[in-house]
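Participant: Starting from these lines, generate the structure:
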Amino acid sequence: MTWSTKQLADLAAVSLRTIRHYHGVGLLPEPERLPNGYKQYDTAHLVTVLRIKRMSSLGLSLEQIAEMLENPGSGEDQLRTLDSELTDTISRLERVRAEVRRALDTGADPDITPEALAAMSALGRDERGRNLAILVTDLRLPAHLSNVFDAITESPGEFTALNEAFTKLDPDASDAETQQMAIEITEAVTGFLTARPALLNAVPTGSEVVTSEAVMGAMRPDTNPAQGRTLNLVTQQLKSHFGGVAESPPHST
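Facilitator: You can find the predicted model right below:
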C-alpha cells in the first residue's frame, strides 16, 4: 500500500506543510517517485511521521527527535533531559503567573512592578514620577539611594501633595510662587533627612556613580521655566543647609 503526500498527511492528521518540513530538516526520508513524478509513500514513512508527531507533542526538539530516530535506545536519556527542561519551564511559568496575579491585585500596568506602583504614591504619578519609580525599583541601586527611596516609599504622605503641586506649577508662575514652592519642598526634604541622618552619610563610589547619575537624571527631566527655577532654588537651599551633601531633593521634584 502506498500513498500520495496528501494521503500521507491525512492519515497522520498533519498538514502538507508539516510533511514538507520533516523532509526539509532531514527527519523524513524522501520516498520513491512514480514515473509521473508523484511521491509514493509506504508504511515505513507513515510510521516515521507518527513517531515524529508523538515526540513533537511531548516537546522534544528536532535535534532530540533526530537522535531518537537514529538511536532508539537513547529514549530514556532524552526523556530525562526533557523532564528536567519541563521542570525548569514550569517553575518559570509559575513565577510569571505569580507576578501577573500580583500585578492584577495591585493594579500595576504590565510595564511596571507592584513595587514601582507603590513608589509612585510618593514620587508622583506623572511621567517623571513613573520613570523614577521604575528606575529605583528595577535597578540595583547603591545602598545610599536604596535607603533613601525605601524611606520615601514608606512615608509617601510627606511628598505626595508637593509632587502634585510641583507638577501643576504654571510655566508663567511668578517669582513669589516659585520661591514659596521651593521653601515648601526644602522644608519637607530637610525634615525628612534630618529625621534620618544615616541617609546623608553614604557617598557612591565606582560603578555606583553611574547608577546614581541615571536616577538623578530622572529626577531632573524637562521642566517648564517656573519648575526649573524652583529646582534651582531648592538645590541651593539644600546645599546651604546640609553643607553640599544633598545635590538634589530625594523625590520626583
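
Participant: Any regions of the stretch 51-200 of the chain where pLDDT drops low?
Facilitator: Applying pLDDT under 70 to the stretch 51-200 of the chain picks out residues 139-146, 148-149, 152-158, 198-200.

Participant: Helices of that one, start to end?
Facilitator: Secondary structure of the stretch 51-200 of the chain by DSSP state H, counting those that start in this stretch: the helices cover 62-70, 75-106, 114-123, 127-138, 143-154, 160-167, 175-194.

Participant: contacting residues for the residue lying closest to Ile65 once chain neighbours are set aside?
Facilitator: Distances taken as C-beta to C-beta, 6 or more residues apart in numbering put Met55 closest to Ile65, at 4.8 Å, once the chain neighbours are dropped. To be clear about C-beta, it is placed using only N, CA and C from the backbone, and glycine gets the same treatment. By C-beta atoms under 8 Å, 6 or more residues apart in numbering, the contact set of Met55 is 64-65, 68.

Participant: so what's the residue nearest in space to the middle of the chain up against?
Facilitator: Per C-alpha atoms, centre = their mean, the C-alpha nearest to the average position across the chain is that of Asp111, at 6.6 Å. By C-beta under 8 Å, 6+ apart, the contact list for Asp111 reads Ile134.

Participant: Do me a favour and get the backbone dihedrals for it.
Facilitator: Backbone torsions for Asp111, taken as degrees, to the nearest 10, come to phi -90, psi 0.

Participant: roughly how far apart are it and Gln40?
Facilitator: 56 Å (C-beta to C-beta, to the nearest Å).

Participant: Could you do Glu127 as well?
Facilitator: Look at Glu127 and Gln40: by C-beta to C-beta, they are 66 Å apart.

Participant: What of Met120?
Facilitator: 68 Å.

Participant: now swap in Ile183 and tell me
Facilitator: Distance from Ile183 to Gln40, by C-beta to C-beta: 91 Å.

Participant: where does Lys239 land on pLDDT?
Facilitator: In this prediction, Lys239 carries a pLDDT score of 78.

Participant: tell me the residue furthest from the middle of the chain?
Facilitator: Pro35 (58.5 Å).

Participant: which stretch of helix or strand covers that residue?
Facilitator: For Pro35, there is no helix or strand it lies in under DSSP states H and E.

Participant: and it, what are its phi and psi?
Facilitator: Here Pro35 shows phi and psi, under degrees, to the nearest 10, equal to phi -50, psi -30.

Participant: Check Leu28 too.
Facilitator: phi -110, psi 120.

Participant: That one is in contact with Arg51, isn't it?
Facilitator: No - judged on C-beta atoms under 8 Å, Leu28 makes no contact with Arg51 at a distance of 10.1 Å.
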